[in-house]
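[1] Predicted structure and sequence below. I'll ask about it afterward.
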Amino acid sequence: MRPLSIVSVLAAMAALIIGCSSSSEDTARNQHEDVLIDPRTGETIDPDEHDDIEILPPHEPGSSLEPDVFDAARQLQRDLIEAGPITTETYEDALDRVVECSADFGVVATIDEPHPIRVNVRDTYVRNEDIPEELEGPESLTYIRPYDDCVYAHLTLLQGSIEPVMADDLMEYATACLQEEGHSPTGTEQNMDELRSSVDNSRGVVEGCVAEGLNELYPGTEMVMG
């Protein structure tokens, strides 16, 4: 399992951060209980037992970048989508821009390995071990924010505009599995959504066949939406 990823959407929220322990973008208040979660340890901490919890002000997405740089990057995403369709090469170039943009702020961003359910749609994240150990609480969030802004500037629009493609061997396995279950996929499907559309998926049979294929072909690989 890869290290805990940093969820970029939380950068746009007013996050509650534990000032006395290591934390990341994933540290947020549980909406149903008056607690905080430290993502590096998984520990639940009652804020009533600490007097050094700090509340950070809201962060405007993209504000780490110069306005003209941010606007140009967002416009490039819109232009690429309008020109469409978004190719794997176009998407990979955007991932590289996120890494380069983050590096300008001294943040190490990592590009995910391809996942067999969506080999063409990779993601970026910041590994916990790449956050300087001396940074704690709000300081670690401040360190991560430029990365989230880079993702927002260069990638988020494209992420919702590229059609995922499943690995050939996994698609072949899932198709054969569905046929054994009495379904008739067309054989031209490229992803899970297309499989769902081509069969009666009322019992989640597509997810079951894909999960079975993952276990058989890619042992230890986690199921993802695709």
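    On my side now, so go ahead.
[2] Check which helix or strand the nearest residue to residue 135 once chain neighbours are set aside maps to.
    Closest residue to residue 135 in three dimensions, ignoring its sequence neighbours and counting by CB to CB, 6 or more residues apart in numbering: residue 143, at 5.4 Å. The way it works is simple: take the backbone N, C-alpha and C, and place the C-beta from them, glycine included. Using DSSP states H and E, residue 143 falls within helix 138-154.
[3] Which neighbouring elements make contact with that helix?
    strand 16-17, helix 67-83, helix 88-104 (3 or more CB pairs under 8 Å, 6 or more residues apart in numbering; DSSP states H and E).
[4] Pick the most buried one from these.
    strand 16-17 (a mean of 21; mean count of other CB atoms under 10 Å).
[5] and it, average pLDDT?
    In this model, strand 16-17 has a mean pLDDT of 32.
[6] shift numbering so it begins at 27
    Will do, 27 is the new start, and the previous item becomes strand 42-43.
[7] Quick check: buried residues in the helix holding residue 169?
    Neighbour counts using 16 or more other CB atoms under 10 Å place 164-167, 169-180 of helix 164-180 among the buried residues.
[8] can you check stretch 150-165 too?
    For stretch 150-165, by 16+ other CB under 10 Å, it's 150, 151, 152, 154, 156, 157, 161, 162, 163, 164, 165.
[9] Keeping just the C-alphas, turn that stretch into CSV.
    This file holds the C-alpha atoms of stretch 150-165, laid out as CSV (Å, rounded to 0.1, in the frame of the first residue of the first chain):
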residue,chain,number,x,y,z
THR,A,150,-0.1,12.9,-7.6
TYR,A,151,0.4,13.0,-3.9
VAL,A,152,2.9,14.1,-1.2
ARG,A,153,4.3,11.2,0.8
ASN,A,154,4.4,11.6,4.6
GLU,A,155,8.1,10.9,4.6
ASP,A,156,8.7,13.8,2.2
ILE,A,157,7.2,16.3,4.7
PRO,A,158,10.1,17.7,6.7
GLU,A,159,10.1,16.1,10.2
GLU,A,160,10.6,19.4,11.9
LEU,A,161,7.3,20.7,10.6
GLU,A,162,4.4,20.1,12.9
GLY,A,163,0.7,21.2,13.0
PRO,A,164,0.0,24.3,11.0
GLU,A,165,3.5,24.4,9.6
